[in-house]
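In: Predicted model, plus sequence, below.
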Amino acid sequence: AVKPVLEDLERAAYLISKIKKGERRRKPAAPYTTSTLQQEASRRLGYTTRRTMAIAQQLYEGIDLNEGGSSGLITYMRTDSTNVSALAQQEARRFILNRYGEAYLPVEAPVYKTKAQGAQEAHEAIRPTEVERTPESIAKYLSKEQFRVYQLIWLRFVASQMEAAVYDTVSVEVEGKTDAHAYLLRASGATLRFPGFLVLYEETKDEDQKDENGDTPIPASLEENQKQHLRRLIPEQKFTQPPPRYTEASLVKTLEENGVGRPSTYAPILSTLQQRNYVVREQKRLAPTETGFTVNDLITEHFPNIVDIGFTARMEEELDRIASGEEAWVDTIRAFYGPFAEQLEQAQKSMPTVKAELETIGRACPECGSELVIRYGRFGKFISCSKFPECRYTEPWLEKIGV
């Protein structure tokens with residue numbers, strides 16, 4: 001069905017029928033919240049959420065900069081607010097004016113709206129405590145990891161207070177005509193005119209996420225009614241693809257979008273999933289294991305109202321109402337626990353016992369000579385004798401911690 005069209009397009013005469021020029025302004029991203037810091041550190045640095053938060057904790061608690069004691073380098077790193085204090089904004093504006101000039105300083109300091117529902121607006125976004133402490137000026141006091149995370153936070157905050165980037169946009173329509181048919185082809189592109197905040201920082205995207213700000217250069221010399229010559233046709237057939245597996249970054253983003261968890265719980269959620277072998281990291285993607293599939297199937301069957309994407313979000317809202325005094329905690333717990341206790345009792349009677357095949361490691365038990373195998377406990381993998389419980393030999397599972 002496509003071949004006749006391609007042959008017709010090969011014979012067509014082309015000319016530019018319409019050119020539309022315009023301008024697009026691209027505003028900087030808001031300063032980091034917990035989730036956006038975790039996402040960016042995962043995409044840009046390859047760090048796990050747990051590792052990112054551990055490093056951020058060190059920067060928050062303080063680093064010895066040879067100033068007579070430890071100095072906290074960033075504000076509190078568990079936050080879902082994008083608020084910034086007026087004092088910090090003034091400090092950033094002075095720095096931008098002195099370093100980059102008036103053209104890079106917006107007339108008014110940008111204000112960002114917090115996207116997360118129920119965000120704690122009393123907290124600020126994650127930012128450096130002093131903008132004048134540039135990453136380079138304190139690099140000698142920081143470890144490599146601390147420097148990279150501090151640099152991300154510093155760049156993102158300063159860029160968030162800068163002027164927008166400006167693009168010249170062009171949209172071109174080309175008509176193709178043959179004796180029998182007429183075709184309309186369209187192309188659009190943009191050229192960066194003023195970099196604005198991009199001189200300092202640009203947010204990265206997931207591999208599977210389209211970049212809406214891609215710049216496709218279009219020659220400035222084009223004019224309407226100008227004839228065009230066909231150089232090549234590139235036919236493509238596309239099929240519907242299943243959604244890609246989550247990365248830690250995209251999973252954190254999805255949790256936040258669905259109201260699941262809080263800034264303090266994103267890293268523990270992802271760590272628990274991996275420690276209990278429900279998922280494993282494969283080339284930065286989280287792939288479910290046999291254990292993960294089994295647990296999910298059983299829990300979904302016997303506790304459908306709990307294994308529901310809206311359950312945790314609703315529970316978070318109820319806990320917030322309890323904290324604000326709008327609801328009594330006893331009533332909330334009673335409403336939940338009654339039905340849950342019935343489901344739990346029924347599950348204990350009907351849920352089958354499923355045992356996964358044990359994976360051998362190719363070594364003999366030093367105590368009894370039987371095969372050593374990998375088992376999974378509450379805190380993750382460990383090595384055990386295959387004759388357990390007759391032989392109780394165990395040893396820790398040692399592996400290089402992934403970034």
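Out: Happy to help now that I have it.
In: shaky segments in the protein?
Out: 1, 115-122, 206-216, 355-356, 378-380, 399-403 (pLDDT under 70).
In: Specify the helix with the largest residue count in it.
Out: helix 329-350 (DSSP state H).
In: Contacts for that helix next, please.
Out: The contact list for helix 329-350 (Cβ atoms under 8 Å, 6 or more residues apart in numbering) reads 302-303, 305-306, 315, 318-319, 322. Glycine gets a C-beta too; all of them are placed from N, C-alpha and C.
In: ditto for stretch 239-258
Out: 35, 38-40, 42-43, 48-49, 80, 115-116, 206-208, 261, 266, 269-270, 284-287, 309-310, 313.
In: from these, which would you call buried?
Out: 35, 38-40, 42-43, 48-49, 80, 116, 206, 261, 266, 270, 284-286, 313 (16 or more other Cβ atoms under 10 Å).
In: Among the residues you listed, which ones are in strands?
Out: If you go by DSSP state E, the buried ones among the contacts of stretch 239-258 have 285-286 in strands.
In: Could you give me the buried positions within the longest helix of the chain?
Out: Applying 16+ other Cβ under 10 Å to helix 329-350 flags no residue as buried.
In: How far off centre is it?
Out: Its chain's C-alpha centre and that of helix 329-350 lie 34 Å apart, by Cα atoms, centre = their mean, to the nearest Å.
In: now swap in stretch 125-145 and tell me
Out: Distance, centroid of stretch 125-145 to centroid of chain: 23 Å (Cα atoms, centre = their mean).
In: what's in contact with that stretch?
Out: 30-34, 37, 47, 51, 55-56, 63-66, 71-77, 79, 81-84, 88, 91-92, 95, 112, 147, 150-151, 153-155, 157-158.
In: Give the buried residues for that stretch.
Out: 125-128, 131, 134-135, 138, 142, 145.
In: Strands of the stretch 1-150 of the chain, start to end?
Out: 13-26, 63-64, 70-71 (DSSP state E, counting those that start in this stretch).
In: do you know which of those strands lies nearest residue 195?
Out: Of all those, strand 13-26 sits nearest to residue 195, with 9.9 Å by Cβ to Cβ.
In: Please identify the buried residues of that closest one?
Out: Applying 16+ other Cβ under 10 Å to strand 13-26 flags 14, 16-17, 26 as buried.
In: Identify the farthest-apart pair in those.
Out: Among those, 14 and 26 lie farthest apart (Cβ to Cβ), at 31.9 Å.
In: Distance to residue 174 for the buried residues of strand 13-26 - can I get that in CSV?
Out: Shown next, in CSV, are those (distance: Cβ to Cβ, whole Å):
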residue, distance to residue 174
14, 5
16, 6
17, 7
26, 27
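In: So residue 187 belongs to a helix, correct?
Out: No - with DSSP: H, G, I helix; E, B strand; the rest coil as the criterion, residue 187 is located in strand rather than a helix.
In: ok, now which ones touch it?
Out: Residue 187 touches 171-172, 174, 216, 218, counting by Cβ under 8 Å, 6+ apart.
In: In the chain, mark out all the helices, start to finish.
Out: Under DSSP H, the chain gives helices at 3-11, 34-40, 49-61, 86-100, 144-160, 248-257, 266-275, 290-302, 311-323, 329-350.
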